[in-house]
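**Student:** below is the sequence, then the predicted model.
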Amino acid sequence: MPKKHVYVLGINAYDHDVSACLLRDGDIAFAISKERISRKKHDTGFYQTVVDYCLAAEDISLDDVDLVVRNCYVLPVEDLELRMVSQDVPEVMDDKERIQAAKNPLYLANSPKVVTVSHHLAHAYSAFAACPFQEGVVMVVDGVGNYSSDVSENYPRADVNPLARESESYYRFQGSKIEPLKKIWLNPVRGFLSDEFYYMPGLGALYSRVSSYIFADWNKCGEVMGLAPYGRPDAVKPLLEMKDGELSVPEWEAEFDKPWLVDRELNWETSPSMQHWQDMAWRGQHDTENVLLERAIWLRQTTGAKNLCMAGGVALNCVANGRIAREAGFENVWIQPAAGDDGIAIGCAYYGHLAIQKNRRSFVMNHAYLGVNYKDDHINAATNRKVVRLQAISRRSDKICRETAQLLSEGHVFGWFQGRSEFGPRALGSRSILADPRTAEMKDKLNKRVKHRQAFRPFAPIVLAERANEIFEGDEESPFMLLAKGVRLEWRDRIPAVVHVDGTARVQTVRREHNERLHALLTEFASITGVPVLLNTSFNVKGEPIVETPDDAIKCFLTTGIDYLVLHDLLMAKKPLHKMLAPTIAAYSDIAAIVRTALTTEIRH
């Protein structure tokens, strides 16, 4: 029997944001990040769970896959796996995953069907191969990529240190072909342990350094962006400078002596260092925006290109993206929705499809709903668990959008679970928490009662695409919530819960053809309130990944201040008994988790 489809599997392996993407005849069939399955934010380690997820969703086996393309920015995957045979690095593989790996045919694979591509090239493929343009340029900026000695691209290497790491990469593309134009390298620095990255003089590395300084976590760059408008302009000296097109990163000096790491025993929001942290955030954001804008203008002027694609973790900075879209002079800007390292899996897959298999481009990524579509049977099983039925009541509705819109307009907070999960860091109306944006108090209510996060953190609006120009400045559509736009003055008091302190909002525009049910909900809310906007935030709490399964959604619903949960056409509400049972159930769950951990540790030893 002839094979029906050609499959290419892309994998971001081992370090943070492990992920997989499966192509079916050149189109994305499924993609998933490991954190959604493991429930560990930015999860690392072996990639079997994400591969199994994609294969099971397509109902195929690994034998049906024609090509596997992988990347790890630390080392080429085959080199890293060879080292792992004799090294114990739990962050890369724990004991359980070592057992998995030993049985997996992809581990230590020696097959022409299994290849490796370098980091920035994979980022570039994730952008241009999925964009709506036939020609243009690509801008890749992140914290750190592969060593120059491991880079796949053909470029002059004579004057590049083999231990330099990728920091910025710029490309031109036409059709299915891409060529490198320029690379900015992170030269090796003196340091110890991970300080090697902390002190690297690069654009993304510097932003991560500011994140580590303020939040004691290099991967809190979104929080830095949100905190920046509270800072005082020029209260901190420049952290990045451009001189004749060359980036200069001044020394990180002793005056920066208030890292959160030192004061972590204090409450972050009441720390006496708060003003300083706000000023640092302003400076990091300001300098990053200016450098990115200058780079984008250079790229347009050098190539004459009309279309720009962006990827790499820095491309998640929606404030900088907004300035590039408005000020760099390109006619069109398209940003990969999974611009961070989870999107590497998409780039790996398309490198295989285009560069190795020599196919033509045919796919355009109009949406990011790439997870499994959980059936009603799965939802019914989750809602019928005894512990759930004790705390919540549920019923089906044939007017779910109308009922939800009415309850939202009355001030209730909803968990919204529909269709296939989003791929990437943004909740785009498939795994979302939704609320009415018309009162300023809603922001504080959500941050405190639902999300359990800092009060300064802003929330994003979702808006009917056909009415976005009435409310937000600029004509650019923003389907992936990756552009910050100014909120028009006449609307700021009408939707205060989604207007940031600087008068901007991180907008998601919604078209019927991309998300019919979300569009219908917005339409119903507009008919009730006259406002075609809802507050949208990710369906999770601080420190946890976005929910993936119905069980994840129900757990989040029952353990937070969310008022209602919608699972497809099912409307769930909490029973009065929930307030009494929830603390006991939570305590029991915590004790059970501690016991399981203790037993596992005892068994291992």
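**Tutor:** Arrived safely, thanks for sending.
**Student:** start to end distance for stretch 97-113?
**Tutor:** Distance between the boundary residues of stretch 97-113 (Cα to Cα, to the nearest Å) amounts to 23 Å.
**Student:** which residues are contacting that stretch?
**Tutor:** Contacts of stretch 97-113 from elsewhere in the structure, counted by Cβ atoms under 8 Å, 6 or more residues apart in numbering, are 11, 45-48, 51, 62, 65-68, 70, 78, 81-82, 84-85, 93, 114. The way it works is simple: take the backbone N, C-alpha and C, and place the C-beta from them, glycine included.
**Student:** what do you get if the cut-off is 7 Å, keeping everything else the same?
**Tutor:** Identification of contacts with stretch 97-113 by Cβ atoms under 7 Å, 6 or more residues apart in numbering yields 45-46, 48, 62, 66-68, 81, 93, 114.
**Student:** what's the answer for stretch 163-177, then?
**Tutor:** Residues beyond stretch 163-177 that count as contacts (Cβ under 7 Å, 6+ apart) turn out to be 119-120, 124, 128, 134-141, 144-148, 151, 178-188, 202-205, 299, 303, 305, 354, 360-361.
**Student:** what sits against residue 260?
**Tutor:** Listed by Cβ under 7 Å, 6+ apart, the contact partners of residue 260 are 214-216, 268.
**Student:** roughly how far does the residue lying closest to it once chain neighbours are set aside sit from residue 420?
**Tutor:** Closest residue to residue 260 in three dimensions, ignoring its sequence neighbours and counting by Cβ to Cβ, 6 or more residues apart in numbering: residue 216, at 4.5 Å. Using Cβ to Cβ, to the nearest Å, residue 216 is found at 35 Å from residue 420.
**Student:** more neighbours, the two?
**Tutor:** Taking other Cβ atoms under 10 Å, residue 216 and residue 420 do not tie; residue 420 has more neighbours (18 against 15).
**Student:** against residue 146, how distant is residue 445?
**Tutor:** Residue 445 sits at a distance of 44 Å from residue 146 (criterion: Cβ to Cβ).
**Student:** ok, the two, which is more surrounded?
**Tutor:** For residue 445 versus residue 146, neighbours defined as other Cβ under 10 Å are more numerous around residue 146 (24 against 17).
**Student:** next up, the contacts around the more buried one.
**Tutor:** Under the criterion of Cβ under 7 Å, 6+ apart, the contact list for residue 146 reads 73, 118-119, 165-166.
**Student:** buried ones among these?
**Tutor:** Buried positions within the contacts of residue 146, assessed by neighbour count (16 or more other Cβ atoms under 10 Å), are 73, 118-119, 165-166.
**Student:** dump those residues into a markdown table; add secondary structure and distance to residue 460 as well.
**Tutor:** Shown next, in a markdown table, are the buried ones among the contacts of residue 146 (DSSP: H, G, I helix; E, B strand; the rest coil; distance: Cβ to Cβ, whole Å):
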| residue | secondary structure | distance to residue 460 |
| --- | --- | --- |
| 73 | coil | 29 |
| 118 | coil | 33 |
| 119 | helix | 29 |
| 165 | strand | 32 |
| 166 | strand | 30 |
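**Student:** need the max-distance pair from these.
**Tutor:** In these, two members sit farther apart than any others by Cβ to Cβ. They are 118 and 165, at 10.9 Å.
**Student:** could you dump the buried ones among the contacts of residue 146 to TSV with pLDDT?
**Tutor:** Rendered in TSV, the data for the buried ones among the contacts of residue 146 read as follows (pLDDT from 0 to 100):
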residue	pLDDT
73	94
118	96
119	97
165	93
166	95
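**Student:** can you get me the start-to-end distance on stretch 251-261?
**Tutor:** 20 Å.
**Student:** what ranges do the helices span in the stretch 151-300 of the chain?
**Tutor:** If you assign secondary structure with DSSP state H, counting those that start in this stretch, the helices in the stretch 151-300 of the chain sit at 195-198, 203-215, 221-227, 274-303.
**Student:** single out the most deeply packed of these.
**Tutor:** With neighbours taken as mean count of other Cβ atoms under 10 Å, these reach their highest mean count in helix 203-215, at a mean of 24.
**Student:** next, the angle from it to helix 274-303.
**Tutor:** Orientation note: helix 203-215 sits at an angle of 170 degrees relative to helix 274-303 (axes from the mean of the first three to the mean of the last three Cα atoms, to 10 degrees).
**Student:** let me know the secondary structure of the residue nearest in space to the middle of the chain.
**Tutor:** With distances taken as Cα atoms, centre = their mean, residue 425 lies nearest the centre of the chain, 2.2 Å away. Classification of residue 425 into helix, strand or coil gives coil, according to DSSP: H, G, I helix; E, B strand; the rest coil.
**Student:** pull the contacting residues for it.
**Tutor:** With Cβ under 7 Å, 6+ apart as the criterion, the residues that contact residue 425 are 316, 340.
**Student:** quick check on it: phi, psi?
**Tutor:** For residue 425, the backbone dihedrals (degrees, to the nearest 10) come out as phi -80, psi -10.
**Student:** and the one 10 residues further on, by the same measure?
**Tutor:** Main-chain torsions, residue 435, degrees, to the nearest 10: phi -160, psi 170.
**Student:** now it: closest residue in space that isn't a chain neighbour?
**Tutor:** Taking Cβ to Cβ, 6+ apart as the measure, residue 435 lies nearest to residue 535, with 4.3 Å between them; neighbours along the chain are not counted.
**Student:** what's the local residue count around the one you found?
**Tutor:** Neighbour number of residue 535 under other Cβ under 10 Å is 23.
**Student:** cool, the one 4 residues further on as well?
**Tutor:** The criterion is other Cβ under 10 Å. On that basis, residue 539 has 30 neighbouring residues.
**Student:** state the distance from it to residue 202.
**Tutor:** Taking Cβ to Cβ as the criterion, residue 539 is separated from residue 202 by 34 Å.
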